[in-house]
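**Student:** here you go, sequence then predicted model.
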Protein chains: 2
Amino acid sequence: MRNLRLDLCYDGTRYRGWQRLPGREDTIQGKLETALSRILEQPIEVSGSGRTDAGVHALGQVANFHCDSTMEAAEILRQLRRYLPEDIGIYSCVDVPPRFHARLNARAKTYRYRIWNSEQPCVFQRRYVAVMPERLNLDAMMQAAERLVGEHDFSAFCGNAKMKKSTLRRLDVIDIRRQGEEILLDFTGNGFLYNMARILTGTLVEVGWGERDPKRVDALFGGKREQAGFLAPAQGLCLMEVIY
Amino acid sequence: MRNLRLDLCYDGTRYRGWQRLPGREDTIQGKLETALSRILEQPIEVSGSGRTDAGVHALGQVANFHCDSTMEAAEILRQLRRYLPEDIGIYSCVDVPPRFHARLNARAKTYRYRIWNSEQPCVFQRRYVAVMPERLNLDAMMQAAERLVGEHDFSAFCGNAKMKKSTLRRLDVIDIRRQGEEILLDFTGNGFLYNMARILTGTLVEVGWGERDPKRVDALFGGKREQAGFLAPAQGLCLMEVIY
């Protein structure tokens, strides 16, 4: 059985997220599986490095799938690009060792949240940023970010109230900086709970607005969802890189 | 009678260009005039610095209009932003001296053409670039560009075969450079004929492909449309700036 790795990007605007949903056509996994099953003439299941929420984008998503076709990887790539809509882009499709698994082998991921910190977003970027024109205190946000980094129980930053598994995760980096009219928040960690990057963003934004004390964000560890900040809109978030 | 200046940007993808067309809703000028006429409760005519073709974008378009409303410019701006779709962005709306005219006072304009010089365009940029994955000889293109700069009869670079007026224009700068996967062509000149920036691009691309001798592009001055290069796709072009 062959194992193939896909490196891909997508504009999440039109999609209900990564994960296939029964009877729905508008998920990234669903689109990939439908296209690959047709091309390879056998049912294909695709594993992604992780699920992105509805409306979230990816510039560096990784996935893998098994098949017993003899079609060359370059030919699969060519056909895949022809089948897929223009808002899903495949960088590469290559044979990898049988043990490679896009999710289980991922050591870390980087997500970027883009805040448009001005009234009028650039029309070219409007689908990929969240507009928040109010002044943000970046120093306070960086102070809070320092306290969030490390291995902690991120229960308060998990959008799934029924989460049964461990909510322990390790955040390696939160990098916050201004770039033109934008404020970029880069999160790197070994795993992200459902909505975690967006709730971290909402919490940091509340600190930036002066509504939340940066010195007290570590009191949230092990806490409840309602104690943390608001859920920042999906369209500002992008999966940038998966590290293996 | 007041005179107001608008600075605006738009994603041209959904539009049939700048110029109002009778009975059609999908032009930039049409959208602006409809919105302003409703807001100010009087028929408004908007003059743009120039017409952009169907599908062409703008990051730095300028327009002006007259009205006798007493509504403050800041309030017009607020309402305009509320009325207009998200692919038209208004940077500012300010009162200007009565003699200001967006088209007649424009001294020069800069257009940018973005070529995606690789197979797979970034999904975030796909609407704003033209995909041309073939290798391009930039040195040859720059040689040709040098010969196109200056005041010349650009008849061969005009898409309107029935053009009765002078086709004399002055090109001040053609700047060509690589940026990541992209090749950017910036054109600055005192005026652009119908399709001129796109035909200049097509001609330079043919030079880059080795299909046209860079030393012979000046033989095109005063020539016919069919002697110049192909019409590069609209979606790669963007009006960057109007200089007054």
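**Tutor:** Sure thing, it's come through.
**Student:** tell me if I'm right that A:Tyr15 and A:Glu25 touch.
**Tutor:** No - judged on CB atoms under 8 Å, A:Tyr15 makes no contact with A:Glu25 at a distance of 9.7 Å. C-beta: built from backbone N, CA, C; applies to glycine.
**Student:** shared neighbours of the two, which are they?
**Tutor:** A:Lys31 (CB atoms under 8 Å, 6 or more residues apart in numbering or on different chains).
**Student:** so which residues on chain A come close to chain B?
**Tutor:** Proximity of chain A to chain B, by CB under 8 Å from any CB of the partner chain, involves residues A:9-11, A:57, A:59, A:81, A:86-91, A:119-124, A:126, A:128.
**Student:** mind running it again at 7 Å?
**Tutor:** Residues of chain A that fall close to chain B, judged by CB under 7 Å from any CB of the partner chain: A:9-11, A:86-87, A:89-91, A:120-124, A:126, A:128.
**Student:** for PyMOL, write the select line for the buried members of the residues you listed.
**Tutor:** To isolate the buried members of those in PyMOL, using 16 or more other CB atoms under 10 Å in any protein chain shown:
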select buried, chain A and resi 9+10+11+87+89+90+91+120+121+122+123+124+126+128
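**Student:** buried ones in stretch A:160-168?
**Tutor:** Residues A:Thr167 are the ones in stretch A:160-168 that count as buried (16+ other CB under 10 Å).
**Student:** try stretch A:178-198
**Tutor:** For stretch A:178-198, burial by neighbour count (16+ other CB under 10 Å) applies to A:181-189, A:191-193, A:195-198.
**Student:** closest to B:Ala108 among those?
**Tutor:** Distance to B:Ala108, by CB to CB, is smallest for A:Glu181 among the buried residues of stretch A:178-198, at 25.6 Å.
**Student:** pretty sure the closest one sits against A:Asn117.
**Tutor:** Yes - the pair A:Glu181 and A:Asn117 passes the contact test of CB atoms under 7 Å, sitting 6.1 Å apart.
**Student:** so where do the strands sit in chain A?
**Tutor:** For chain A, strands defined by DSSP state E occupy the ranges A:2-10, A:46-48, A:57-67, A:88-95, A:108-116, A:130-131, A:150-153, A:168-179, A:182-189, A:237-243.
**Student:** list the contacts of stretch A:159-179.
**Tutor:** Residues outside stretch A:159-179 that contact it (CB atoms under 7 Å, 6 or more residues apart in numbering or on different chains): A:108, A:138, A:141-142, A:145, A:148-151, A:153-155, A:158, A:183-195, A:199, A:225, A:231.
**Student:** find the nearest non-adjacent residue to A:Met142, please.
**Tutor:** Ranked by CB to CB, 6 or more residues apart in numbering or on different chains and with sequence neighbours excluded, the top spatial neighbour of A:Met142 is A:Ile176, at 5.4 Å.
**Student:** quick check: bridge partners of that neighbour?
**Tutor:** Per DSSP bridges, the residues bridged to A:Ile176 are A:Leu185.
**Student:** what distance do you get for A:Cys122 to B:Gly23?
**Tutor:** Remark: distance between A:Cys122 and B:Gly23 (CB to CB, to the nearest Å) = 31 Å.
**Student:** can you check A:Ala140 too?
**Tutor:** Counting by CB to CB, the separation of A:Ala140 from B:Gly23 is 54 Å.
**Student:** before we move on, what about A:Gln143?
**Tutor:** Distance, A:Gln143 to B:Gly23, by CB to CB: 58 Å.
**Student:** who's more crowded, those two?
**Tutor:** Taking other CB atoms under 10 Å in any protein chain shown, A:Gln143 and B:Gly23 do not tie; A:Gln143 has more neighbours (15 against 5).
**Student:** what sits against the residue nearest to the more buried one when sequence neighbours are not counted?
**Tutor:** Leaving aside its chain neighbours, A:Gln143 sits nearest to A:Pro214 (4.1 Å; criterion: CB to CB, 6+ apart). A:Pro214 makes contacts with A:Ala140, A:Gln143, A:Ala144, A:Val207, as judged by CB under 7 Å, 6+ apart.
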